[in-house]
Each structure stands twice: as structure tokens, then as C-alpha cells.
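S.K.: kindly generate the corresponding structure for this input.
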Amino acid sequence: MTRVRIASRFAAGLCLALASAGVLAQATTLPLPPPAAPPSSAPMQRQSGMAVIDGDHDERTIVRSYEPDSVVGDYRIDFEALDADADGLIDRTEAKAHPTLDAEFRAVDANNDGRLDRGELSGWLR
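M.R.: Here you go, the predicted structure:
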């Protein structure tokens, strides 16, 4: 082998080694940060259901459902006090007087008419 050919192979090997070192340097991982502690003021959520879905190649997907954390709110109202126009319904404007009801209005409005009647508020009445 000629010196040029040996030098060429050495240069190619050196380039390959340097390129491999660069790839290895890119493939290194950093340690995961520690998990964040949940805030102490956060309400506890109770798991209300779970389903396991089997997939291809022995894969499994687990789906869990939890009770909403808004359950800790003030869910008692005085219907007559909130019904300012005495029409037997509480609209969005009247609901603003009760912060929890205002926040949950869409969930409580079962027929989506923008007004709440006594039936929709049955669990909220004092």
C-alpha cells in the first residue's frame, strides 16, 4: 500500500471515529427532574373508573377517570335570593351573584337554554 492510500484510510477512519463520537455525545441523556410535589391546597381527586384497552404487540392503554376537583365548591344556593326578577329561572346574569354557580353554569344547564330552573338545580337548593 502506498503512503497516500494509508493516509487516506487513516483520515477516513479518523473522520468516522470523530463522527461516531459526535453521535454518541448527542445520544447521551440527562437525568429526569424530580417530580413536582402537588400543591397542598389542591383538592384530592378520587378515581371513579378505569379501563384497560389491549392493543397490538402486547401494548396496553390504561384510561382512568376521576371525580372533578370542583366538587369542593359551595353547592348550596337560595333560589329565591338569586332569582332577582322572580320569573322562576336563574339566567347567566343572576348566576354571577354566586361564584360557584357562575363557574358551573354550563354543566348545570342540562337543556342548554341559558337559564336554570329548580329541576336543574335540585342538588343545589337549600
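S.K.: by mean pLDDT, which helix or strand of this protein comes out lowest?
M.R.: In the chain, the helix or strand scored least confidently by mean pLDDT, DSSP states H and E is helix 3-27, which has a mean of 63.
S.K.: so for the helix or strand just after it, mean pLDDT?
M.R.: Using DSSP states H and E, the helix or strand that directly follows helix 3-27 along the chain is strand 47-54. Mean per-residue pLDDT for strand 47-54: 85.
S.K.: so which bits of the helix or strand that comes right after strand 47-54 are buried?
M.R.: Scanning forward in sequence from strand 47-54 by DSSP H and E, the next helix or strand is strand 60-66. Residues of strand 60-66 include none that count as buried (16 or more other CB atoms under 10 Å). In short, each C-beta sits where N, CA and C put it, glycine included.
S.K.: repeat that for stretch 90-100.
M.R.: Result for stretch 90-100 [16+ other CB under 10 Å]: buried residues 90-91, 94-95, 98, 100.
S.K.: how about the residues you listed in TSV, adding secondary structure, pLDDT and distance to residue 76?
M.R.: Shown next, in TSV, are those (DSSP: H, G, I helix; E, B strand; the rest coil; pLDDT from 0 to 100; distance: CB to CB, whole Å):
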residue	secondary structure	pLDDT	distance to residue 76
90	strand	93	14
91	strand	94	20
94	helix	94	16
95	helix	92	14
98	coil	90	9
100	helix	87	9
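S.K.: farthest pair in these?
M.R.: Spatially, the most separated pair among the buried residues of stretch 90-100 is 91 and 100, at 16.5 Å (CB to CB).
S.K.: dump the residue contacts of residue 108.
M.R.: Residue 108 makes contact with 101, 116, 120-121, 124, according to CB atoms under 8 Å, 6 or more residues apart in numbering.
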